[in-house]
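Chemist: give me a 3D structure for the following:
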Amino acid sequence: MPSKWTYSPEGIAASVLFIILFAVILIQIFGRTALFTGPVWTEELARWIWVWMAFLAIGEAERTNSQLKMGFVAERLSGGGRRVLFTVIDLVYLGLMGHLAVIGWRTVKRTAINEAVTLPVPDAVLYASAFVAAILICYRILRRILWRLGPDGGDDDLTQDPTL
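Modeler: Numbers count the residues shown, from 1 in each chain. Predicted structure coming up:
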């Protein structure tokens, strides 16, 4: 069943973060003029928003399967061969992202007591972006693998689950 949502929660969150980032950067720009002295925290906050936005956008790119890939091998394979190839690639990718999720979680725990330089939050908030993105990407990969192996997997476009 096709999804009624054009954008995923991570895509919406990345878009909202972009708007907030734009506002923070405007505060930085106007804070460097003679009009008023800008707050010190805007540079660090802009960096943190950028990191969160980028990591969440990776989840959206994974959902839409719009990441860069080389298809010259897959194009030469039959439907069943493509299905196997893409499934193996996704299994390896899932393993790597699972490992990165573990590393991200360990980093969040390790930095929970470190406070940011200008923001009143721990550094773990910044590093949580990698952990959250890895979990979202793992979820998207699992959905794609299950769709590909299911009866509706189809042979035309084995790279994308239309229900995501």
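Chemist: can you show me the strands along this structure?
Modeler: With DSSP state E as the criterion, the chain has no strands.
Chemist: may I ask you to name the longest helix in this structure?
Modeler: In the chain, assigned by DSSP state H, the helix with the most residues is helix 79-110.
Chemist: these two touch, right, L91 and L146?
Modeler: No: at 11.9 Å, L91 and L146 do not qualify as touching, with contact defined as C-beta atoms under 8 Å. The way it works is simple: take the backbone N, C-alpha and C, and place the C-beta from them, glycine included.
Chemist: circling back to that earlier point, now the longest helix of the chain, how far from the centre of its chain.
Modeler: A distance of 13 Å separates the centroid of the chain from that of helix 79-110, by C-alpha atoms, centre = their mean, to the nearest Å.
Chemist: give the buried residues for it.
Modeler: Taking 16 or more other C-beta atoms under 10 Å as the neighbour-count basis, helix 79-110 is seen to contain the buried residues 82-83, 86-87, 90, 93-94, 97, 100-101, 104-105, 107-108.
Chemist: next: stretch 63-77.
Modeler: Result for stretch 63-77 [16+ other C-beta under 10 Å]: buried residues R63, A74.
Chemist: so for that stretch, mean pLDDT?
Modeler: Confidence over stretch 63-77, taken as the mean pLDDT, stands at 78.
Chemist: repeat for stretch 106-113
Modeler: Stretch 106-113 shows a mean pLDDT of 95.
Chemist: run through who's touching it.
Modeler: Stretch 106-113 is contacted from outside by P122, D123, A124, L126, Y127, A128, A130, F131, using C-beta atoms under 8 Å, 6 or more residues apart in numbering.
Chemist: from those, which is closest to F30?
Modeler: Proximity of the contacts of stretch 106-113 to F30 was ranked by C-beta to C-beta; the top entry is L126 with 25.1 Å.
Chemist: about what we covered before: among the contacts of stretch 106-113, name the ones in helices.
Modeler: Among the contacts of stretch 106-113, the members found in helices (DSSP H) are A124, L126, Y127, A128, A130, F131.
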